[in-house]
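# quick one: sequence and predicted model below, then my questions.
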Amino acid sequence: MTNDKLLRQVEAFMHDRVIPTEIEHHRQLLAADNRWTYTPIMRQLRAEAKAEGLWNFPLPEDLGGRGLSLTQYAPICEMMNWCNHGPELFNCYTGTISNAVTLDTHAPDHLKDRYLKPLTQGDVRSTISITERNVPSSDPTELQFEIRRDGEDYVLNGIKSWATGAAMNECSFILLLGATDPDAPRHARHSLVLVPMDTAGITKGRIETVMGYDDAPFGHCDLIFDDVRVPAENLIGEEGHGFVLMQSTLGVGRIQLGMGAIGTAERAMMELCRWADNRIIGGEPLAARGVVTDAIARSRIEIEAARAFILQSAHRMEQDGMKAVRADIAALKVLAPAVALKVLDRAMQFHGGAGLSWDTPLPEMWAHMRTVRIGEGADEVHRETVAKLEMRRQAERRAA
Ligand SMILES: Cc1cc2nc3c(=O)[nH]c(=O)nc-3n(C[C@H](O)[C@H](O)[C@H](O)COP(=O)(O)OP(=O)(O)OC[C@H]3O[C@@H](n4cnc5c(N)ncnc54)[C@H](O)[C@@H]3O)c2cc1C
């Protein structure tokens with residue numbers, strides 16, 4: 001199948017089945033006895049997407065995926081994010097894809113059989129656990145969580161926070177980054193281990209809210225580890241290589257994040273333009289006002305510029321490799337959510353009260369998009385990277 005045909009399939013799936021059932025999904029969540037599991041509508045849509053081959057898009061075919069390259073996957077990321085829960089319906093939540101790529105590339109076979117297959121088949125969920133409340137987690141080299149070797153086991157002690165998806169009933173394992181050698185050089189202190197969720201000594205702690213949203217059914221929760229033992233063979237990659245391993249999924253993760261923000265901005269445009277056509281104020285549609293057309297035009301220009309930059313970055317990642325494109329990878333992490341937030345804000349403003357209510361998906365999308373400026377490295381960290389690389393480039397130019 002050509003990528004074009006696949007794109008049309010995803011577009012139709014989102015338009016015809018996901019967006020129209022968005023409100024029903026929220027109703028089901030509100031009525032649920034247990035908010036930490038898929039709603040019936042999500043289960044149905046996941047089953048349909050899987051049956052139609054709209055599943056695991058960037059993963060290789062032997063993992064039930066489509067083997068899409070970054071540039072092929074990018075426009076699909078955009079469309080899946082017309083709804084906040086869209087990626088999950090195609091088993092393409094960022095953490096699922098990152099964890100699958102990490103296991104596929106670095107895990108021993110026994111872990112692949114036991115955890116990777118069920119994850120890619122959509123039978124279980126996973127979480128990635130890096131952040132610690134008492135440590136500035138923008139810089140993962142600072143993490144203090146203890147992973148101590150004891151005979152044939154590792155013993156884990158500490159508290160992790162903000163583990164997205166860990167609250168779900170379906171969450172069966174954690175990829176956890178912690179310190180195996182706190183005295184080693186900064187980038188060699190940490191290791192990545194797979195921890196089954198049902199291991200003795202793990203307690204799920206408080207579930208965070210994000211500006212009032214609990215982000216059910218996924219949730220972000222604390223995980224408390226009290227002398228938790230896992231076999232040493234649950235190590236992913238080599239001891240001390242955790243930080244480097246985390247970087248290995250950067251490409252697909254960043255494209256998913258950047259194009260996801262573009263998808264969110266496009267959804268805001270759909271809502272804004274429909275509303276501007278239909279809302280009659282002073283005897284004419286809101287769209288007749290210059291302030292509104294100006295906002296629409298600005299939004300379109302900003303979205304197109306950001307999308308072009310991200311697609312160019314994806315192309316360069318494939319052509320030149322991650323190292324050569326470090327500045328772009330950092331820049332798009334700052335640019336994409338900034339554009340999406342601006343477009344969302346304009347759409348909310350022209351909706352009046354409706355733009356701040358459950359009548360539109362805009363406020364929840366805004367709340368989610370606001371977190372993207374902090375998660376996976378705050379804006380300031382990425383701007384610092386862009387500036388450092390620019391200074392180096394200019395110095396090299398002067399020296400040449
Ligand atoms: C909705 C949501 C979901 C999340 N999901 C997960 C998850 O699944 N797994 C997980 O492990 N974590 C997760 N996190 C946590 C997230 O990754 C961290 O919050 C993020 O890495 C920032 O770390 P911190 O909160 O410790 O902030 P800090 O590192 O303390 O930074 C605080 C602020 O200081 C400033 N700052 C930091 N460094 C610099 C610098 N070098 N220069 C200038 N200013 C700087 C920035 O403004 C930054 O926002 C999630 C967070 C949210 C909000």
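Structure's in. What do you need? Please read these numbers as outputs of a predicted model, since none were measured by experiment.
# interface residues of the stretch 251-400 of the chain facing the ligand?
371, 374-376, 378, 380-381, 384 (CB under 6 Å from any ligand atom). Quick note: C-beta positions are derived from backbone N, CA and C, even for glycine.
# report how many residues lie close to residue 282.
Residue 282 sits with 8 neighbouring residues when counted by other CB atoms under 10 Å.
# what's the answer for the one 5 residues further on, then?
Residue 287 sits with 17 neighbouring residues when counted by other CB under 10 Å.
# from the ligand, how far off is it?
Applying CB to the nearest ligand atom, to the nearest Å, the value for residue 287 to the ligand is 34 Å.
# for that residue, which non-adjacent residue is spatially closest?
Spatially, and ignoring its direct neighbours in sequence, residue 287 is nearest to residue 276 (3.8 Å; CB to CB, 6 or more residues apart in numbering).
# same check on residue 224?
Closest to residue 224 by CB to CB, 6+ apart is residue 203, at 4.4 Å.
# what's the answer for residue 366, then?
residue 344 (4.6 Å).
# cool, residue 61 as well?
According to CB to CB, 6+ apart, the nearest residue to residue 61 is residue 67 (5.2 Å).
# that neighbour belongs to a helix?
No - in this structure, residue 67 is coil, not part of a helix, as judged by DSSP: H, G, I helix; E, B strand; the rest coil.
# mind listing the helices for the chain?
For the chain, helices defined by DSSP state H occupy the ranges 3-13, 22-31, 40-51, 70-80, 86-89, 94-106, 109-111, 117-121, 242-247, 250-278, 290-320, 326-351, 362-372, 379-399.
# buried residues, stretch 59-73. List them.
With burial defined by 16 or more other CB atoms under 10 Å, the residues of stretch 59-73 counted as buried are 59, 63-66, 68, 70-73.
# could you export those as TSV, including distance to residue 323 and pLDDT?
Formatted as TSV, the buried residues of stretch 59-73 follow (distance: CB to CB, whole Å; pLDDT from 0 to 100):
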residue	distance to residue 323	pLDDT
59	24	97
63	26	96
64	31	95
65	26	97
66	27	96
68	23	97
70	15	96
71	19	97
72	22	97
73	21	97
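# and the furthest pair within those residues?
64 and 71 (21.4 Å; CB to CB).
# mind listing what the closest residue to residue 147 other than its chain neighbours touches?
Residue nearest to residue 147 in three dimensions, not counting chain neighbours: residue 178, with 4.1 Å by CB to CB, 6+ apart. Going by CB atoms under 8 Å, 6 or more residues apart in numbering, residue 178 touches 143, 145-147, 156, 158, 190-191, 193, 242.
# can you give the domain ranges for the protein?
3-92, 125-241, 249-399 (automatic domain parsing).
# and the longest one, how far apart are its ends?
Looking at domain 249-399, the gap from its leading to its trailing residue is 34 Å under the measure CA to CA, to the nearest Å.
# same question, the first one
End-to-end distance of domain 3-92: 17 Å, with CA to CA as the criterion.
# do the second one as well
Across domain 125-241, the terminal residues are separated by 24 Å (CA to CA).
# quick one: low-confidence parts of this protein?
1-2 (pLDDT under 70).
# about what we covered before: which residues does the residue nearest to residue 366 contact?
Per CB under 8 Å, 6+ apart, neighbours of residue 344: 264-265, 268, 362, 365-366, 369.
# which single one of the residues you listed is nearest to the ligand?
residue 369 (10.5 Å; CB to the nearest ligand atom).
# wait, residue 300 touches residue 269, no?
Yes - counting by CB atoms under 8 Å, residue 300 does reach residue 269; the two are 7.2 Å apart.
# more neighbours, the two?
residue 269 (18 against 15).
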